[in-house]
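Sequence and predicted structure, then a few things I'm wondering about:
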Amino acid sequence: MKKSGMEKWIRFWMMGICLVAGCSDVWSQDMKTALQGYVDRGEMPGFVSILATPEKVLRVDCVGYADLEKQRPMTPDTLFWIASTTKIFTAAAVMVLVDEGKISLDEPLETYLPQFRDSKVGIRNEDGTITLRSPKSKPTVREALCHVGGWTFMPPWMDTCGIDALEVRKAAAVLATFPMVADPGEKYQYSQVGIDLAGAVVEAVSGMRYEDFLQTRFFDPLGMKETTFWPSKEVQETRLVKAYTWDRESKKWRATPIHFLSYPLECRRTRFAEPGGGLFSTPADLVKFFQMLAGKGVYEGKRYLSEAAVAEIHKKQTPASVPTNYGLGCFHHGEWFGHGGAYGNDTGVHAEKGWVAIYMVQHTGVPKAGEAKSRWQEHVVKFFQAL
């Protein structure tokens, strides 16, 4: 491990409580008992939890294993695929350009991506045929970021070849040939497409590749040295958490490749940055970005987003007629906002109090997953209320 990585790992170890090491602080016992029990009973492979304020990491809980076969424990520097948590990074990138006056959220998408000028809505007829017509309104950047733009979840090629199969601008060009499934603003449809198009807007307006924009505006200045779309082979072998699924027949854990991605993960010629779900990060890295959001755009004295931009991200953006509460690239749950991922991870920021809660797992099809996360959430609330 590089010296900087070791120093960071020691710092987080000392600031938090790593449960696999058997820490015995009295105030951590409830969390330890709640989470460790799922691992001890074989119901979950492992967790990493980080709780923080904008200024300070308050505790780190590492439970169980990143690799069950090798008994490699979870640590703050374990690398996870954060999946759809990537979406809030895309929203933040858009809001940087909104702050700079280069993007308007309510501008039609076609202003920045001209290939969408002739977008159509596809209406399925009773005989199975599809009739194309012009949409009642033009989809906007805002609608793309809150899943009411009218697009489907994923186009067929993503399910077949992976969400990372095309470069951002090329993907947008192909997506422009697909009809929308609803009129913009009328229906909430969780959509990889809309977020990917927002990423293409970032490229078109900034003149930079999407991944380079994130690197220069967030990853480098925030010190997120481990966050990437392309984990190296060395990192994969030593710090990438294994993804597991529960085999109901054998009642055993089975390691599984990440269904949504193509392999090899480190290949930049065949895999591309994907704004809706392509990022990998460590808990120690990820918490910095969410501390910035909790600090209303400021981290360690430096401003990354205006306070108004952060407020725009976490407020409910979906229309009153839509029951789902979604902001810009994040879910909106009362005073909490954040985003989870397909393999179980979750993030949350309390907009008023500035509390940050990071929950990192990497599994799919796990019977006790929802129950375990609910228990974790209960203890998170108790912890912060006791401050």
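That came in fine, so what should we check first?

Tell me which other helices or strands the lengthiest strand in the chain touches.
For the chain, the strand with the greatest residue count under DSSP state E is strand 57-67. Judged by 3 or more Cβ pairs under 8 Å, 6 or more residues apart in numbering; DSSP states H and E, strand 57-67 is in contact with helix 3-15, helix 29-40, strand 46-52, strand 72-73. (Each C-beta comes from the backbone N, C-alpha and C, glycine too.)

what mean pLDDT does it have?
For strand 57-67, mean pLDDT is 95.

Direction included, what does that strand pair against?
Strand pairing for strand 57-67, using DSSP bridges, gives strand 46-52 (antiparallel), strand 72-73 (antiparallel).

now that strand: how far from the chain's centre is it?
19 Å (Cα atoms, centre = their mean, to the nearest Å).

what angle do it and helix 29-40 make?
10 degrees (axes from the mean of the first three to the mean of the last three Cα atoms, to 10 degrees).

Hmm, residue 113 and residue 197 touching each other?
Yes: taking contacts as Cβ atoms under 8 Å, residue 197 lies within contact range of residue 113: 6.8 Å.

what's the overlap in contacts for the two?
Listed as contacting both residue 197 and residue 113 by Cβ atoms under 8 Å, 6 or more residues apart in numbering are residue 172.

Of those two, give the one with the bigger neighbour count.
residue 197 (28 against 23; other Cβ atoms under 10 Å).

What separation do you get for that one and residue 80?
Remark: distance between residue 197 and residue 80 (Cβ to Cβ, to the nearest Å) = 26 Å.

What of residue 374?
In terms of Cβ to Cβ, residue 374 sits 20 Å off from residue 80.

Looking only at neighbour counts, state which of the two leads.
Shown here are residue 374 and residue 80; by other Cβ under 10 Å, residue 80 has more neighbours (28 against 9).

tell me the contacts of that one?
Residue 80 neighbours (Cβ under 8 Å, 6+ apart): 241, 280-283, 343, 345, 360-362.

same thing with residue 121?
Per Cβ under 8 Å, 6+ apart, neighbours of residue 121: 132-135, 150, 179-183.

From the centroid of the protein, which residue is nearest?
When the chain is reduced to its mean C-alpha position, the closest residue under Cα atoms, centre = their mean turns out to be residue 85, at 0.6 Å.

And that one, its phi and psi?
phi -60, psi -20 (degrees, to the nearest 10).

just residue 277 next, same as before
phi 180, psi 30.

Packing partners of the strand or helix carrying residue 379?
Following DSSP states H and E, the helix or strand that holds residue 379 is helix 369-385. If contacts are counted by 3+ Cβ pairs under 8 Å, 6+ apart, helix 369-385 sits against helix 29-40, strand 46-52, strand 346-350, strand 356-360.

Now do the contacts for residue 281.
79-80, 82, 85, 224, 226-228.
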